[in-house]
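Engineer: here are the coordinates; sequence isn't available:
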DNA sequence: ATGATTATTTAACATATGTAAAATGCTCCC
DNA sequence: GGGAGCATTTTACATATGTTAAATAATCAT
């Protein structure tokens, strides 16, 4: 995890130690919930191994909002930053290993370690940029374009994630996705 | 502007002064470009009066990515945070008054004033949360639901912004929007 | 005020995606 | 290895949205 952090913003050993103190390692088998729907997000996870997804129910249907792979942070930011309960949950798609960072204690560290505040600021800024690009893609590309772009960017997605989750992530039904795939 | 900042995170007079030093006031008539397409974003704007939109061209068609109203920050974050040129521009929709903040000099202030870093971290976190909610809305609501939600949230949009911009913001054509409006 | 320009709506048709249900294929557990 | 339960595809039909073009309506400049 700290190797990854260093690529974003290098922090001192003391700061690393402070983060380690509020972190715990977690292993979770495939399909298990990491965070249930309805709870306020108070934990930031770092994916060591496996894939996780943020999901919720729209009219009773399971919808995937986003996926995160190895070496990425995952959190329900709309709850984390607003303090409100989230209608979303986090579930691991494969057997996974993660680091759980206590968010409130992390935010407290910001006062003592401006370098930690800066690190996480940069991490979330990068996430923000990704989200802007994702919005653009979903707002003005067809489902087929989005599917092709996803496969081009991360072909392993197809091997590791069930199509039903990919379909809802792309904003379409599984039937539509099947049709798009059949065109090839 | 500083009144607005205080609602996010109160900063010292010295910090306010430092921000004021790197800011300039701007007036711009309706439909003028604030920032052209293709340039790297190096300015963060605060809207004092009027409405601005971030837009780009998709297959030759003018597309609105977002609107910002009074008392809001507007910037092309995907360029600001990545340092890459933006395919997007910023245009004012009405006669507008703004404050332009030099982004590079602002980021330099972060070292001297952690409170300024925190202020802008919080501002962009709040924007990030809005964007997550926007993505959800566009991914899993019909165009009609999105239009109704927009009107419910900010009815003045209809008076102040041409429908063609609202249509592309909602991710649909103007014809579709007309049909939705006609249903009432 | 008048005409030119721009914005919005309407119409007719094409296409993409949704819905429901059935068929097929795959996985995992005993 | 067989069967139960998922996952994926296919089919048929319904609906929403796109495209193009023309008709109205509103706005702007002289």
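Structural biologist: Right, received. Where do you want to start? In this text the structure is predicted, and so the values were computed from the model without any measurement.
Engineer: now the longest helix along chain A and helix B:114-140, what's the angle there?
Structural biologist: Using DSSP state H to define each element, chain A has its longest helix at helix A:114-140. Helix A:114-140 runs at 20 degrees relative to helix B:114-140, counting by axes from the mean of the first three to the mean of the last three CA atoms, to 10 degrees.
Engineer: Is whichever helix or strand comes after helix A:114-140 in proximity to DNA strand D?
Structural biologist: Next helix or strand after helix A:114-140 toward the C-terminus (DSSP states H and E): helix A:143-153. No - using CB under 7 Å from any atom of the strand, helix A:143-153 stays clear of DNA strand D, with a minimum separation of 11.0 Å. C-beta coordinates here come from the backbone N, C-alpha and C atoms, glycine included.
Engineer: Contacts (any at all) between chain B and helix A:143-153?
Structural biologist: No - figure legend: helix A:143-153 not in contact with chain B (CB under 8 Å from any CB of the partner chain); closest approach 10.7 Å.
Engineer: What mean pLDDT does that helix get?
Structural biologist: Across helix A:143-153, pLDDT averages out at 90.
Engineer: number of nearby residues for the residue lying closest to residue A:143 once chain neighbours are set aside?
Structural biologist: The shortest distance from residue A:143 to any non-neighbouring residue, by CB to CB, 6 or more residues apart in numbering or on different chains, is to residue A:172 (4.5 Å). As a burial measure, residue A:172 scores 19 neighbours (other CB atoms under 10 Å in any protein chain shown).
Engineer: so the residue nearest in space to the middle of chain A bridges to which residues?
Structural biologist: Nearest to the geometric centre of chain A sits residue A:74, at 3.5 Å (CA atoms, centre = their mean). Residue A:74 forms beta bridges with residue A:45, as assigned by DSSP bridges.
Engineer: wait, it sits on residue A:52?
Structural biologist: Yes - shown here, residue A:74 and residue A:52 form a contact pair, counting by CB atoms under 8 Å, at 5.3 Å.
Engineer: so what's in contact with those two at the same time?
Structural biologist: Common contact partners of residue A:74 and residue A:52 (CB atoms under 8 Å, 6 or more residues apart in numbering or on different chains): A:45, A:68, A:90.
Engineer: looking at this, the last one is in a strand?
Structural biologist: Yes - read with DSSP: H, G, I helix; E, B strand; the rest coil, residue A:90 is one of the residues of a strand.
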